[in-house]
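Peer 1: return atomic coordinates for the entry below.
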Amino acid sequence: MGDWIINIVTFFMQAVIIIGLTGLVVLLLRRKKSGHDDGLTLHIEALNEQRQQRHRQLDMAGKESRQRKKWLHVLCPGRKAGRDGKKTSKKQPEDNAEQGKQPRVWVLDFYGDIKASATGHFAEEVSAVIDVASADDEVVVRLESGGGLVHAYGLAAAELERLAAAGLETTVCIDKVAASGGYLMACTAGHIKAAPFAVLGSIGVVAQVPNVHRLLKRHDIDVELLTAGKYKRTLTVLGENTAEGREKFLDDLENTHRLFKDYVSWHRPTVDIEMLATGEIWYGSEALGHCLIDSVQTSEAYLVERMQQARVFSVWLEAPQSLGDRLGIAFSAGIERAGTKALGALEAARWQKH
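Peer 2: Reported below is the predicted structural model:
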């Protein structure tokens, strides 16, 4: 029995190694993507129709067999067969002039990392919506970000601000977190909604610089740092930091913090910025009391509500997957399957032993 277990585990381990080597070769051969992706595909999803379809499916599943057949006949009268066995032609839907007059809601998503890497695609999505949106339309941005680099989120906030500059009503929905740079973006909206326990605020600036000068000094390693300009380099990782350099670095942080506070105050004048710009965070229900948001509601609940009065469309741009990407995904899935099978075989053998 022991040899059988060893053979199975050996086989699966060899499979994992082969798949791993194949994936490594693919990753090495895959060329790096440029900063701007060409050939982006625009996706548009009609959320009203999606919700109606799900409603019909659930309603149908809850009906008895006879009721289900009767309901199918009501939904699809054109599919009923005549006496001659041939299906009658499906009735063409009439033009609904009123539907064309309904306002539209365009839904964009922004999931931010520390570099706000999604800003490039988000900017193009904003441009696409501005090109087609009318004065009665609304743009809903589902935002999720814990913040990151100042310049990166400054750009992302500026892209979101273009919607208001174009005269469009803008609503930001926060289900999980929009803190620091995330809140810098959110505050540009005309209306901010947040889930009860969404994290908001953190109106502050943080910087962390490691320094290994003393370690290098113990090993008699000198580092020469040459600059032109008094404050070209205030703090350094390798060299010796000075009190003057630290003071200037703190001045820069305070200046950035001041700009952050001014930006929030400009967009949300009812916020007591001096009280709230301490770097603290608040949950959605608390943030409402501090005027950081305008209402407590999840994005799903709000969009379902808007579907009663408007046509709601989710819009996003997607870059085509390269061969390397697809093989990388297949490689990861292969390793996961092989590992699962190996663990399953070991578990089965353990139960047989007992």
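Peer 1: tally of neighbours for residue 63?
Peer 2: The number of residues packed near residue 63 is 13, by other Cβ atoms under 10 Å. For the C-beta atoms, the positions are set from N, CA and C on the backbone; glycine is no exception.
Peer 1: ok, now residue 201?
Peer 2: 23.
Peer 1: got the contact list for it?
Peer 2: Residue 201 makes contact with 179, 183, 276, 280-282, 287, 290, 292, according to Cβ atoms under 8 Å, 6 or more residues apart in numbering.
Peer 1: again, but for residue 113
Peer 2: Neighbours of residue 113 in contact, by Cβ under 8 Å, 6+ apart: 145, 148.
Peer 1: please check the contacts of residue 201 and keep the buried ones.
Peer 2: Neighbour counting with 16 or more other Cβ atoms under 10 Å marks 179, 183, 276, 281-282, 287, 290, 292 as buried within the contacts of residue 201.
Peer 1: can you put those residues in TSV and add distance to residue 317?
Peer 2: Output for the buried ones among the contacts of residue 201, formatted as TSV (distance: Cβ to Cβ, whole Å):
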residue	distance to residue 317
179	26
183	25
276	35
281	31
282	33
287	30
290	35
292	30
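Peer 1: just send those residues back as TSV, with distance to residue 195 and secondary structure too.
Peer 2: Shown next, in TSV, are those (distance: Cβ to Cβ, whole Å; DSSP: H, G, I helix; E, B strand; the rest coil):
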residue	distance to residue 195	secondary structure
179	14	strand
183	15	helix
276	20	helix
281	14	strand
282	13	strand
287	11	helix
290	16	coil
292	13	coil
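Peer 1: and the contacts of residue 201, which two are the farthest apart?
Peer 2: Comparing all pairs in the contacts of residue 201 by Cβ to Cβ, the longest separation belongs to 179 and 290, at 13.7 Å.
Peer 1: give me the mean pLDDT for stretch 240-260.
Peer 2: Stretch 240-260 carries an average pLDDT of 95.
Peer 1: helix or strand: which one has residue 250?
Peer 2: helix 243-267 (DSSP states H and E).
Peer 1: buried sites along that helix?
Peer 2: Under 16+ other Cβ under 10 Å, the buried positions of helix 243-267 are 245, 248-249, 256-257, 260-261, 263-265, 267.
Peer 1: please apply the same query to stretch 131-144.
Peer 2: Neighbour-count burial for stretch 131-144 flags 133, 137-144 (criterion: 16+ other Cβ under 10 Å).
Peer 1: could you report the distance from residue 283 to residue 179?
Peer 2: 11 Å (Cβ to Cβ, to the nearest Å).
Peer 1: identify the contacts common to these two.
Peer 2: Common contacts of residue 283 and residue 179, defined by Cβ under 8 Å, 6+ apart, comprise 199-200.
Peer 1: lowest-confidence helix or strand of the protein?
Peer 2: Sorting the helices and strands of the chain by mean pLDDT, DSSP states H and E puts helix 97-101 at the bottom, at a mean of 55.
Peer 1: which stretches of the stretch 151-300 of the chain form strands?
Peer 2: Counting by DSSP state E, counting those that start in this stretch, residue ranges of the strands within the stretch 151-300 of the chain are 169-174, 177-179, 191-194, 199-201, 281-283, 295-296.
Peer 1: out of those, which gets nearest to residue 153?
Peer 2: Taking the strands of the stretch 151-300 of the chain one by one with Cβ to Cβ, strand 177-179 is closest: 10.6 Å.
Peer 1: give me the distance from the closest one to the chain's centre.
Peer 2: 12 Å (Cα atoms, centre = their mean, to the nearest Å).
Peer 1: same for it, what does it pack against?
Peer 2: strand 138-144, strand 199-201 (3 or more Cβ pairs under 8 Å, 6 or more residues apart in numbering; DSSP states H and E).
Peer 1: just to be sure, residue 315 is in a strand?
Peer 2: Yes. Under DSSP: H, G, I helix; E, B strand; the rest coil, residue 315 falls within a strand.
Peer 1: now the helix or strand residue 131 falls within against strand 138-144, angle please.
Peer 2: Here residue 131 sits within helix 119-132, counting by DSSP H and E. On the basis of axes from the mean of the first three to the mean of the last three Cα atoms, to 10 degrees, helix 119-132 is oriented at 170 degrees to strand 138-144.
Peer 1: roughly how far is helix 119-132 from the heart of the chain?
Peer 2: Worked out by Cα atoms, centre = their mean, helix 119-132 lies 15 Å from the chain centre.
Peer 1: that helix packs against which elements?
Peer 2: If you count contacts as 3+ Cβ pairs under 8 Å, 6+ apart, helix 119-132 packs onto strand 104-111, helix 150-165, strand 311-318.
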